[in-house]
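A.B. asks: what would the 3D arrangement of this be:
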Amino acid sequence: MTTRTKPLADSEPERTFDMLQHIGNNGWARNSQSESLCPVYLQTLADQGVSIQDTLNEMRSRGFSGHALRQLQRWENKRVYGVFDPKPHQRRRV
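C.D. replies: Numbering: from 1, shown residues only. Model (predicted):
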């Protein structure tokens, strides 16, 4: 089991992690539910100061597979760069 790289100070990120876990029941596959909710929850965590690495570590500790975590990383890419698999020249924030 993986531990967080930094402890979370309050329960706000925990609630967001719980919601992200709930919509991750299908491994964060591309569908309308993930399309509408993943970017919102990932942005909420970013606004709370939680890095994507901390988010991935938390989801790993909750039992998600490597494949599911790669899918979650793709949603983060979509949130930050506007595309799921950005090429190096596309890695500018939108």
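A.B. asks: can you report how many residues lie near Q33?
C.D. replies: A count of nearby residues for Q33, using other CB atoms under 10 Å, gives 14. From N, CA and C alone the C-beta is placed, and that goes for glycine too.
A.B. asks: tell me the contacts of the closest residue to it other than its chain neighbours?
C.D. replies: Distances taken as CB to CB, 6 or more residues apart in numbering place I23 nearest to Q33, at 6.0 Å, with adjacent residues excluded. Contacts for I23 (CB atoms under 8 Å, 6 or more residues apart in numbering) come out as Q33, S34, L37, C38, Y41.
A.B. asks: which ones among those map onto helices?
C.D. replies: Secondary structure from DSSP state H places Q33, S34, L37, C38, Y41 of the contacts of I23 in helices.
A.B. asks: what residues does stretch 69-82 touch?
C.D. replies: 20, 24, 27-29, 34, 38-39, 42-43, 52, 55-56, 59-60, 64, 83-86, 90-94.
A.B. asks: restricted to helices, list those residues.
C.D. replies: L20, S34, C38, P39, L42, Q43, I52, T55, L56, M59, R60.
A.B. asks: now the fifth one: how far from V80?
C.D. replies: When distances are taken as CB to CB, to the nearest Å, L42 and V80 turn out to be 9 Å apart.
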